[in-house]
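Chemist: Sequence and predicted structure below; questions after.
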Amino acid sequence: MQADIDESAKQIQAANERLEKLKEQIATEKIVYEETSKKLQQTEEKLQLCRELVKDRVMAIYETNTFPILMFYYNQEATLKNEVKSTLVSYSLFHFR
């Protein structure tokens, strides 16, 4: 009888340890998710600002015919899109490992 109680106590202790490890893992993943979400939000805001600048510049280019300015802002938007992709990939690699 005492052996059964001792075995049950060991199983409960092992289950509690697994539960604590899972809680730590969830807390870590939550922090990573929040940080990634913040980075993604900031990058999306930058991308939106860049789109607005591109729109303004396209109108200016249309009016003044200055093509190099258009290419500069187009390259900035492409860079920001790559940041968004990179952020999403880093999150998915961490989250789904």
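Modeler: Looks like it arrived, so ask away.

Chemist: How many residues are close by residue 57?
Modeler: Using other C-beta atoms under 10 Å, residue 57 has 16 neighbouring residues. (C-beta placed from N, C-alpha, C; glycine too.)

Chemist: So for it, what's the pLDDT?
Modeler: Listed pLDDT for residue 57 reads 74.

Chemist: Tally up the residues packed near residue 46, please.
Modeler: 16.

Chemist: could we number from 21 for the rest of this?
Modeler: Sure, I'll start counting at 21 from here, so that last one is residue 66.

Chemist: longest helix in the chain, by residue count?
Modeler: helix 22-84 (DSSP state H).

Chemist: And the residue nearest the centre of the chain, how close does it get to residue 50?
Modeler: In the chain, the centroid-proximal residue (C-alpha atoms, centre = their mean) is residue 56; its distance is 2.9 Å. For residue 56, the distance to residue 50 (C-beta to C-beta, to the nearest Å) stands at 11 Å.

Chemist: And residue 35, by the same measure?
Modeler: 22 Å.

Chemist: mind checking how far residue 54 is from residue 43?
Modeler: 17 Å.
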